[in-house]
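Enquirer: I would like the atomic coordinates for the input below:
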Amino acid sequence: MSKKQKKSIPKPAPTKRQLSKWQRQMKIRRIVIIAAVVFLAGILSWVGYGYYKDYKNDPMRQVVIEVNGVPFTMEYYVKLLDFYTRGVNFTVIQYYGNYFTDLAANDIVNAELMRQRAKDLGIEVTTGEIEVKLQEYNLPNDKVYLDMIRASLLQEKIGEYFNFQLNTTMEQTHVQVMLVESGEVADEVISRVEGGSNFTALTEEYSCNSTVEGDLGRLPRELMPNTVIAYAAFNLTPGETIHRIYDKAAIKGVGYWLIEVTGKEEDEIKARAMLLGSEAEAERVKAELVSENFSSLAEEYSQHKSKDEDGELGWLKRGKMGSTAFDKVAFNLTVNEVSEPVKDESARTTGGYWLIKVVDRGNYELGVEIRQKLIDKRFNDWLEEQSEESTIETYLDATKKQWAIIEVLARR
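Expert: Numbers count the residues shown, from 1 in each chain. The predicted structure is shown next:
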């Protein structure tokens with residue numbers, strides 16, 4: 001006899017009261033979950049913002065240099081600055097701080113430019129080459145040192161690249177040069193040379209303290225100091241003739257003041273002045289004061305910034321002009337008296353005459369020194385070209401540089 005199957009008893013349907021209770025519970029649960037999610041998101045956002053804020057406010061993480069979009073942080077900069085100043089005492093670092101900070105910044109830019117552009121010359125440095133140098137110099141395996149070693153190796157290889165392009169011989173000219181302040185002085189020098197005086201010996205007496213003077217020896221066109229001398233050296237006939245060429249852009253280490261004192265008061269004077277490029281010019285301008293007023297002549301001829309103020313300098317105390325020669329005369333003038341031309345070797349003026357003697361010209365073998373100068377010039381020209389074609393951003397100001405110096409010193 002088969003067992004009777006038990007009939008399943010259906011569960012009673014929930015009452016309206018139960019449904020309402022469950023709905024309330026689900027609603028509360030959803031609210032709690034949403035609140036928890038919102039709270040958690042808030043916590044994460046707050047922590048993230050705090051971290052971001054700390055990151056942005058941390059000087060070591062701030063980008064101080066960018067080269068074609070490649071960033072370099074203050075931490076990187078300080079490490080390099082620390083490396084460059086090792087073995088240098090505190091006083092020297094503080095006194096020459098700007099030199100070291102600028103050196104580090106420039107080397108970061110140049111190293112990155114070489115890394116990015118050397119491949120255009122078919123030049124690269126391998127990881128193995130860098131590792132060998134790291135071990136040789138006993139340096140840590142840090143990006144700063146890796147980059148500097150790579151830059152050093154790249155510079156060496158780029159130098160070899162330019163060296164390979166040089167011929168064994170090159171046209172070169174032997175020249176002697178001197179910069180003098182005026183045509184009158186140029187004529188006097190030429191007259192003395194024609195009378196038997198030695199050209200280069202006269203530079204000490206007549207030269208305007210130009211960085212280019214005397215016997216330059218034999219040089220190729222590329223190494224001539226400026227375009228004026230290069231033109232004369234490679235276009236004029238070699239011989240005993242001295243060529244006189246005016247150069248309005250030449251910078252001289254001398255100037256001549258014409259000073260007029262318009263008022264005096266105890267240890268102060270009220271003055272106006274003109275700074276002229278030569279004694280002869282100063283004498284000519286002073287002669288014009290007979291018929292022309294001081295202000296108009298200052299505006300036309302003066303090379304001092306006061307020319308825009310009609311030569312007016314205002315009230316002066318000793319030392320304010322930064323010229324001993326100026327003070328020695330100005331504070332001894334009577335009111336409304338114009339001085340004779342006052343020579344000032346601390347002034348800088350433009351315009352002068354190059355005296356150029358072409359001694360010899362021809363094809364000569366490149367000596368070791370001249371060859372290296374040509375390599376260096378071509379490398380520097382190439383690097384400058386890469387810089388001009390790049391986007392370089394430097395965010396280092398005086399405050400950040402000083403901060404970097406302090407950070408370096410704090411690590412000692």
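
Enquirer: spit out the contact partners of Y84.
Expert: 100, 103-104 (Cβ atoms under 8 Å, 6 or more residues apart in numbering). Where you see a C-beta, it was placed from the backbone N, CA and C, and this is true even at glycine.

Enquirer: gap between it and G255?
Expert: Counting by Cβ to Cβ, to the nearest Å, the gap between Y84 and G255 amounts to 38 Å.

Enquirer: quick one on the thing from earlier: nearest to I375, of the contacts of Y84?
Expert: The shortest approach to I375 among those belongs to L103, at 21.6 Å (Cβ to Cβ).

Enquirer: how about the secondary structure of the closest one?
Expert: helix (DSSP: H, G, I helix; E, B strand; the rest coil).

Enquirer: likewise K270?
Expert: strand.

Enquirer: state the phi and psi torsions of the closest residue in space to it that isn't next to it in sequence.
Expert: Leaving aside its chain neighbours, K270 sits nearest to G263 (3.4 Å; criterion: Cβ to Cβ, 6 or more residues apart in numbering). With angles defined as degrees, to the nearest 10, G263 sits at phi -170, psi 150.

Enquirer: so what's the residue count around G263?
Expert: G263 has 12 neighbouring residues, counting by other Cβ atoms under 10 Å.

Enquirer: spit out the contact partners of it.
Expert: Counting by Cβ under 8 Å, 6+ apart, G263 makes contact with 269-270, 315, 335.

Enquirer: in stretch 133-145, which residues are buried?
Expert: 133-134, 144-145 (16 or more other Cβ atoms under 10 Å).

Enquirer: and of the residues you listed, the nearest to P225?
Expert: K133 (36.2 Å).

Enquirer: which strand or helix spans the closest residue to the closest one other than its chain neighbours?
Expert: The shortest distance from K133 to any non-neighbouring residue, by Cβ to Cβ, 6+ apart, is to I149 (4.6 Å). For I149, the host element (DSSP states H and E) is helix 143-165.

Enquirer: what helices or strands is the helix or strand following that helix leaning on?
Expert: The helix or strand immediately downstream of helix 143-165 is strand 169-180, counting by DSSP H and E. Strand 169-180 sits against helix 183-194, helix 203-206, strand 214-220, helix 227-235, strand 242-252, strand 349-365, with contacts defined as 3 or more Cβ pairs under 8 Å, 6 or more residues apart in numbering; DSSP states H and E.
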